[in-house]
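Asker: Please work out how this folds:
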Amino acid sequence: MTAPKQHISLMTKDQNAKINIGEDQTIYCEGCWTISKLADLDRRLQAFSWPTQTDLVWDGNDITAIDTGGALVLHRSLTRLQQQGHHITWRRLRAEFAELLKLVANKQEVLETAAHPPTQSWLERIGMHVWTDLHQGIHALGFLGESTIGLFGLLGSPRSIRWRVLIRNLELDGFHALPIVGLLSFLMGVVIAYQGAEQLRTFGANIFIVDLVGVSLLREIAPLVTAILVAGRSGSAYTAQIGTMNVTEELDALRTLGISPMNYLVLPRALVLVLALPLLTVYADIVGVFGGMLIAKTQLGVSFTEFIDRFEYAIALKHYVIGIIKAPVFAVIIALTGCYQGFQIRGSVDSVGQHTTISVVQSIFLVIVFDAFFSVFLSWWGI
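Answerer: Here you go, the predicted structure:
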């Protein structure tokens with residue numbers, strides 16, 4: 001016979017879910033324990049005055065329905081009581097409700113473990129970073145090797161080159177980049193000449209503005225600035241295009257059709273940049289030197305004729321050649337980095353923006369590193 005219930009209750013406004021404590025201190029759960037019927041119930045349960053005895057009996061005979069939300073509310077209450085030293089025993093709880101409570105309890109433990117992972121020591125964190133970077137480096141070397149093999153295979157059969165795509169990409173990555181490359185190169189020539197003019201005027205060495213502008217632009221500034229612009233413009237576009245194709249499973253469709261993404265997407269872009277970047281560098285040389293000529297004339301009184309005569313005499317051909325040689329190397333770095341990051345994109349479109357940023361940063365970093373390597377190596381050889 002069920003003991004009479006004490007009128008100590010906790011319920012929602014529509015009285016669909018409630019808890020009563022009987023005279024025998026048994027806790028009776030009643031009503032519909034579903035998410036739509038549990039307004040403020042969890043908060044009220046936290047402030048509820050539970051029996052003080054160690055062994056608590058919960059009766060679930062009058063629970064008419066329960067879902068995951070209701071099971072989670074019950075589980076939290078039971079957990080708090082167990083942490084206070086109480087021992088919980090269920091009686092007359094339907095099997096399917098008990099199974100749902102057990103499932104919620106198991107999942108709650110997993111979620112709490114994931115939310116509070118064990119603290120790693122500094123040595124473990126360093127090891128994880130090193131292992132991750134090593135793993136990525138191995139993948140990058142594999143991608144470089146695959147692209148090299150694909151390039152030799154493509155050059156071995158020129159008929160397989162998609163010339164129409166090459167010309168179209170050359171227009172997008174080369175011709176359309178002329179305005180921004182020209183503007184920035186012109187401004188760089190102006191800035192270098194203007195800053196140098198202040199110092200040269202002091203010593204009466206106005207004519208040496210030609211040496212300053214010519215060597216710095218042709219050998220270092222023009223190829224480096226052009227490569228950085230192309231990395232931000234074309235390299236990021238490569239990552240976004242390939243990454244979007246990866247997210248939308250277009251790359252899987254290409255593989256299903258027997259088309260290699262390396263030959264279809266990566267190699268044409270690399271070949272285009274190898275052709276476009278040296279041409280853009282030559283264009284940057286011309287525009288940058290012209291900007292320097294204007295400042296030399298207006299600030300130092302060096303005429304165009306005097307500037308050109310001094311330029312032919314003082315600027316060795318090696319400076320121009322070194323700048324042009326750097327351009328294809330930078331082009332390969334930008335193209336492969338952009339395409340590699342595109343293939344690393346997984347999951348959602350949010351990953352596209354993240355890897356696009358990584359692509360630009362890595363491309364610019366590698367371009368500057370290789371430019372420094374060129375400078376040290378050529379200086380070592382006395383060139």
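Asker: would you list every one of the helices in the stretch 251-383 of the chain?
Answerer: 261, 267-300, 304-314, 317-343, 350-380 (DSSP state H, counting those that start in this stretch).
Asker: Quick check: which ranges of the stretch 51-200 of the chain have low pLDDT?
Answerer: Scanning the stretch 51-200 of the chain for pLDDT under 70 picks out 108-119.
Asker: before we move on, the earlier item: can you check which of the helices of the stretch 251-383 of the chain gets nearest to residue 51?
Answerer: helix 350-380 (50.0 Å; Cβ to Cβ). Bear in mind the C-beta positions are built from the backbone N, C-alpha and C, glycine included.
Asker: Give me the residue at the spatial middle of this structure.
Answerer: residue 354 (2.3 Å; Cα atoms, centre = their mean).
Asker: before we move on, back to that, out of the helices of the stretch 251-383 of the chain, the one nearest residue 244 is which?
Answerer: Nearest of the helices of the stretch 251-383 of the chain (Cβ to Cβ): helix 350-380, 6.0 Å.
Asker: Quick one: the strands in the protein, in order.
Answerer: With DSSP state E as the criterion, the chain has strands at 5-11, 17-22, 27-33, 55-66, 87-91.
Asker: angle of the fourth one against strand 87-91?
Answerer: Orientation of strand 55-66 against strand 87-91 (axes from the mean of the first three to the mean of the last three Cα atoms, to 10 degrees) gives an angle of 50 degrees.
Asker: Skipping adjacent residues, who's closest to residue 241 in space?
Answerer: Spatial nearest neighbour of residue 241, excluding adjacent residues (Cβ to Cβ, 6 or more residues apart in numbering): residue 342 at 6.8 Å.
Asker: that older thread, most packed of the strands of the chain?
Answerer: strand 27-33 (a mean of 21; mean count of other Cβ atoms under 10 Å).
Asker: strands paired with it, and their directions?
Answerer: Within its sheet, strand 27-33 is paired with strand 17-22 (antiparallel), strand 55-66 (parallel), according to DSSP bridges.
Asker: Now do that strand: everything it contacts.
Answerer: 5, 11, 15-22, 37, 50-51, 56-67, 69-71, 73-74 (Cβ atoms under 8 Å, 6 or more residues apart in numbering).
Asker: Just give me the neighbour total for the residue nearest to residue 105 when sequence neighbours are not counted.
Answerer: Computed as Cβ to Cβ, 6+ apart, the closest residue to residue 105 that is not its neighbour in sequence is residue 75, at 5.4 Å. For residue 75, the neighbour count with other Cβ atoms under 10 Å is 18.
Asker: Then the one 10 residues further on?
Answerer: Residue crowding around residue 85 was assessed by other Cβ under 10 Å; the count is 7.
Asker: swap in residue 219?
Answerer: 23.
Asker: Do I have it right that it meets residue 322?
Answerer: Yes: the criterion here is Cβ atoms under 8 Å, and residue 219 meets it with residue 322 at 5.4 Å.
Asker: quick one on the thing from earlier: and the helices of the stretch 251-383 of the chain as TSV, adding distance to residue 212 and mean pLDDT?
Answerer: Formatted as TSV, the helices of the stretch 251-383 of the chain follow (distance: least, Cβ to Cβ, whole Å; pLDDT from 0 to 100):
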stretch	distance to residue 212	mean pLDDT
helix 261	47	83
helix 267-300	8	91
helix 304-314	10	86
helix 317-343	12	91
helix 350-380	17	88
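Asker: Can you redo those as TSV, where the extra columns are distance to residue 144?
Answerer: What follows is the helices of the stretch 251-383 of the chain, written out as TSV (distance: least, Cβ to Cβ, whole Å):
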stretch	distance to residue 144
helix 261	15
helix 267-300	11
helix 304-314	39
helix 317-343	7
helix 350-380	12
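Asker: Of these, which is nearest residue 101?
Answerer: Of the helices of the stretch 251-383 of the chain, nearest to residue 101 by Cβ to Cβ is helix 350-380, at 35.8 Å.
Asker: ok, back up a step: just put the strands of the chain in a markdown table and tack on distance to residue 125.
Answerer: Converted to a markdown table, the strands of the chain look like this (distance: least, Cβ to Cβ, whole Å):
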| stretch | distance to residue 125 |
| --- | --- |
| strand 5-11 | 46 |
| strand 17-22 | 46 |
| strand 27-33 | 44 |
| strand 55-66 | 43 |
| strand 87-91 | 40 |
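Asker: That's all I had, so thanks and see you.
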